[in-house]
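Student: Pasting the sequence and the predicted model now:
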Amino acid sequence: MGKEAAQAIINVLKEGNDVGITPDGPRGPCYSFKAGAVVVARRANATMLLVGAEFKSARRLKSWDKFYLPLPFSQVIIHCEEIDPKAAEPEEIAARLMEINPD
C-alpha cells in the first residue's frame, strides 16, 4: 500500500467511515498478509474486523488469488472477528485470518 493511499484511507477512517482492505493486496501473492492494513488501523485508532467465508459448494477460479465463487443456492457461512490492532502483531492477525477462512 502506497503512502498516499494509506493516508487517504486513514483520513476516511478518522471521518467515521468504514473501509475494506484485502490484506494480500491487489497483486498477491495469494494469502501473503501485508502489514499495511494493521499500520493504517493503528494510525487511525480503528478496530479491525476480520471477515471469512465458508461455503458448501463453489467453483475455484484460475486466477492469481484462486478466488472462490460460491455456486447458486450454496450455503455460505460468514465468520467475523473484531481485533484491536494495537493489541496484536501482524503475524497473529494473519494467522487468525487464515483460521477463519477455511479452504
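Tutor: That came through fine.
Student: Tell me which stretches of the protein form strands.
Tutor: All strands of the chain, identified by DSSP state E, fall at 48-55, 58-60, 68-70, 76-83.
Student: Pull out the buried residues from the last one.
Tutor: Pointing back at strand 76-83 there. Across strand 76-83, burial judged by 16 or more other Cβ atoms under 10 Å covers residue 83. Any C-beta I mention is one placed from the backbone N, CA and C, and that applies to glycine too.
Student: Need the contact partners of that strand.
Tutor: Counting contacts by Cβ atoms under 8 Å, 6 or more residues apart in numbering, the residues outside strand 76-83 that touch it are 47-56, 70, 93, 96, 100-101.
Student: re earlier: what would the strands of the chain look like in JSON lines with distance to residue 42 and mean pLDDT?
Tutor: JSON lines is the format used below for these (distance: least, Cβ to Cβ, whole Å; pLDDT from 0 to 100):
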{"stretch": "strand 48-55", "distance to residue 42": "9", "mean pLDDT": "91"}
{"stretch": "strand 58-60", "distance to residue 42": "34", "mean pLDDT": "92"}
{"stretch": "strand 68-70", "distance to residue 42": "30", "mean pLDDT": "91"}
{"stretch": "strand 76-83", "distance to residue 42": "11", "mean pLDDT": "94"}
